[in-house]
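Engineer: just need the structure, nothing else, for what follows:
(one chain, ligands or ions: 2)
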Amino acid sequence: MALIVHKYGGTSMGSTERIRNVAKRVAKWARAGHQMVVVPSAMSGETNRLLGLAKELAPAKTDTAYDRELDMLAATGEQASSALLAIALQSEGMQSVSYAGWQVPIKTNSAFTKARIESIDDVRVRQDLAAGRVVIVTGFQGVDPEGNITTLGRGGSDTSAVAVAAAMKADECLIYTDVDGVYTTDPRVEPEARRLKTVSFEEMLEMASLGSKVLQIRSVEFAGKYKVPMRVLSSFTPWDIDIHEEAKSGTLITFEEDEKMEQAVVSGIAFNRDEAKISVVGVPDKPGIAYQILGAVADANIEVDMIIQNISKDGKTDFSFTVHRNDFARTMDLLNEKVMPALGATQVTGDAKICKVSIVGIGMRSHVGIASKMFRSLSEEGINIQMISTSEIKTSVVIDEKYMELAVRALHKAFDLDQA
Ligand code: ASP
Ligand code: MG
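Structural biologist: Ligands and ions are numbered 1, 2, ... in the order given. Presented below is the predicted three-dimensional model:
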């Protein structure tokens, strides 16, 4: 008998019929002798609907009082889906009880709309499990030290599930979703993309932060920190498929490199169009410049991703970096109005029509020439590289967004990712 956490995404919970399917699947696992904790998302579209209502009444703003209400509001989506799932399980003849995050409680800090989990008290959940109940815990939410309801950021139910699994030392956390696992790249861009049977936790972390939308990045960080065995699999298989077959399906996120069966050097291609590039041109090459530029950006709470500084010519240099596209206009204003005059820079230029394409693989640690193979393949397609950044297990390039799909497909082929 194992303690298993299931997480179901919004599409898996999207209608009463689908909720019934989830209930039948969970009942199958419980009847096989497992203790079951289930963490559902809100029914698909519900979080957007609720947040949309708020925006109709007052546009989004940076205001703690407003954000508090957004969390109060958005958290109801998961409260509804959780109760519905408990009802569906009861109608399958199972004993089941649902709890909102604050009832467990899942304790978080007070950063409304992007709270972080601090601790989980599992006493109540354990008592229910011991009494033979299937326990449903709402995804996406917790409670802050003042008793306010908080949410964990969009896609946060993944993190709730992994955090519950970590706190309870669950044997496995199964993330059921509308795709059947983690792919070498997005199959909508490259139809030849393959499902990975395993992916290392570090690769998954890179892929999540580089634009793969399968898992919320914080859930992967949690899984890594607490070594939670985690699997991504489909909720659209028939609920009554053989449980052993189901338990082996999807993609397993592994922690040991030698557990990795598929020894490809590059495991996946990630991409995202969420960034914009900014260059401060002609800044004096002297101590303190990076701090003057990026310090001002950080003080405005704007996150910076890639950073490049050129070597100087005639005592002047160019300084480029990327920010989230949503922060592009704000960053440009800030640089033009405050930073540039103070620095005596020549000009500030920006481009939001870029994308970042990355190759990821732990094999890159022990192989040379991987980045150059990437650059060759892009050059063969006539794609100009604007920025490059590397880490031990990834290389990312910034290119014109209109070449994104071409670049992804070329790299997918160059690294033989279409070959099993
Ligand atoms: N319902 C929330 C969202 O749509 C959390 C989640 O689904 O993971 O972002
Ligand atoms: Mg999700």
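Engineer: contacts and neighbour counts: CA atoms only from here.
Structural biologist: OK.
Engineer: select the helix or strand of this protein having the lowest average pLDDT value.
Structural biologist: helix 340-343 (a mean of 87; mean pLDDT, DSSP states H and E).
Engineer: mind exporting that one as CSV, just the C-alpha atoms?
Structural biologist: This file holds the C-alpha atoms of helix 340-343, laid out as CSV (Å, rounded to 0.1, in the frame of the first residue of the first chain):
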residue,chain,number,x,y,z
MET,A,340,20.0,57.3,-19.7
PRO,A,341,20.4,61.0,-18.7
ALA,A,342,22.2,60.0,-15.5
LEU,A,343,24.6,57.7,-17.4
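Engineer: helices or strands up against it?
Structural biologist: Contacts defined by 3 or more C-alpha pairs under 8 Å, 6 or more residues apart in numbering; DSSP states H and E place helix 340-343 against strand 275-284.
Engineer: residue 118 and residue 108 touch, don't they?
Structural biologist: Yes. Residue 118 lies in contact with residue 108 (C-alpha atoms under 8 Å); the separation is 4.9 Å.
Engineer: if we can go back for a sec, contacts for the least confident helix or strand of the chain, please.
Structural biologist: 280, 283, 284, 289, 292, 346, 347, 348 (C-alpha atoms under 8 Å, 6 or more residues apart in numbering).
Engineer: run through the bridge partners of residue 349.
Structural biologist: Counting by DSSP bridges, residue 349 is bridged to residue 279.
Engineer: what's the burial count for it?
Structural biologist: 14 (other C-alpha atoms under 10 Å).
Engineer: how confident was the prediction at it?
Structural biologist: pLDDT for residue 349: 95.
Engineer: secondary structure element holding the residue lying closest to residue 163 once chain neighbours are set aside?
Structural biologist: Take residue 163 and drop its neighbours on the chain: the residue closest to it by C-alpha to C-alpha, 6 or more residues apart in numbering is residue 222, 6.6 Å away. If you go by DSSP states H and E, residue 222 is part of helix 217-226.
Engineer: next secondary structure element downstream of that helix?
Structural biologist: strand 230-234.
Engineer: and ligand 1, is that next one touching that?
Structural biologist: No. Judged by C-alpha under 6 Å from any ligand atom, strand 230-234 stays clear of ligand 1, getting no closer than 13.9 Å.
Engineer: could I get the full set of strands for the stretch 301-420 of the chain?
Structural biologist: Ranges of strands within the stretch 301-420 of the chain are 304-309, 316-324, 347-351, 354-360, 387-391, 394-400, based on DSSP state E, counting those that start in this stretch.
Engineer: for ligand 1, what is the nearest residue in the stretch 201-350 of the chain?
Structural biologist: residue 216 (7.8 Å; C-alpha to the nearest ligand atom).
Engineer: from what I see, the residue nearest to residue 163 and residue 162 are in contact.
Structural biologist: Yes. Contact criterion C-alpha under 8 Å: residue 222 and residue 162 qualify, at 6.6 Å.
Engineer: hang on, the earlier thing: and the residue nearest to the residue of the stretch 201-350 of the chain closest to ligand 1 when sequence neighbours are not counted, what helix or strand is that in?
Structural biologist: Spatial nearest neighbour of residue 216, excluding adjacent residues (C-alpha to C-alpha, 6+ apart): residue 155 at 5.6 Å. If you go by DSSP H and E, residue 155 is not part of any helix or strand.
Engineer: ok, and for the longest helix that the chain contains, which residues are buried?
Structural biologist: As assigned by DSSP state H, the longest helix anywhere in the chain is helix 64-91. Using 16 or more other C-alpha atoms under 10 Å as the test for burial, helix 64-91 gives 66-90.
Engineer: stretch 138-149 too?
Structural biologist: In stretch 138-149, counting by 16+ other C-alpha under 10 Å, buried: 138, 139, 140, 141, 142, 143, 144, 148, 149.
Engineer: now swap in stretch 96-113 and tell me
Structural biologist: Buried residues in stretch 96-113 (16+ other C-alpha under 10 Å): 96-102, 104-113.
Engineer: in helices only, show me those.
Structural biologist: Per DSSP H, the buried residues of stretch 96-113 never map to helices.
Engineer: residues making contact with stretch 100-119?
Structural biologist: Under C-alpha under 8 Å, 6+ apart, the answer for stretch 100-119 is 64, 67-68, 70-71, 78-79, 120-122, 124-125, 137-139, 141-145, 147-153, 163, 167.
Engineer: what sits against the residue most central in space within the chain?
Structural biologist: Note on the chain: the residue nearest the mean C-alpha position is residue 216, at 2.4 Å, using C-alpha atoms, centre = their mean. Counting by C-alpha under 8 Å, 6+ apart, residue 216 makes contact with 155, 156, 158, 159, 208.
Engineer: picking up where we left off before, state the distance from the residue nearest to residue 216 to residue 143.
Structural biologist: 17 Å (C-alpha to C-alpha, to the nearest Å).
Engineer: rewinding a little: now list whatever residues contact both of residue 222 and residue 162.
Structural biologist: In contact with both residue 222 and residue 162: residue 228, using C-alpha under 8 Å, 6+ apart.
Engineer: between the two, who's got more neighbours?
Structural biologist: Using other C-alpha under 10 Å, the more surrounded residue of residue 222 and residue 162 is residue 162, with 33 against 20.
Engineer: pretty sure the more buried one contacts residue 221?
Structural biologist: No. Between residue 162 and residue 221 there is no contact under C-alpha under 8 Å: 9.5 Å.
Engineer: list the residues that contact the residue located most distally from the centre of the chain.
Structural biologist: Computed with C-alpha atoms, centre = their mean, the residue of the chain farthest from its C-alpha average is residue 314, at 43.5 Å. Residues counted as contacts of residue 314 (C-alpha under 8 Å, 6+ apart): none.
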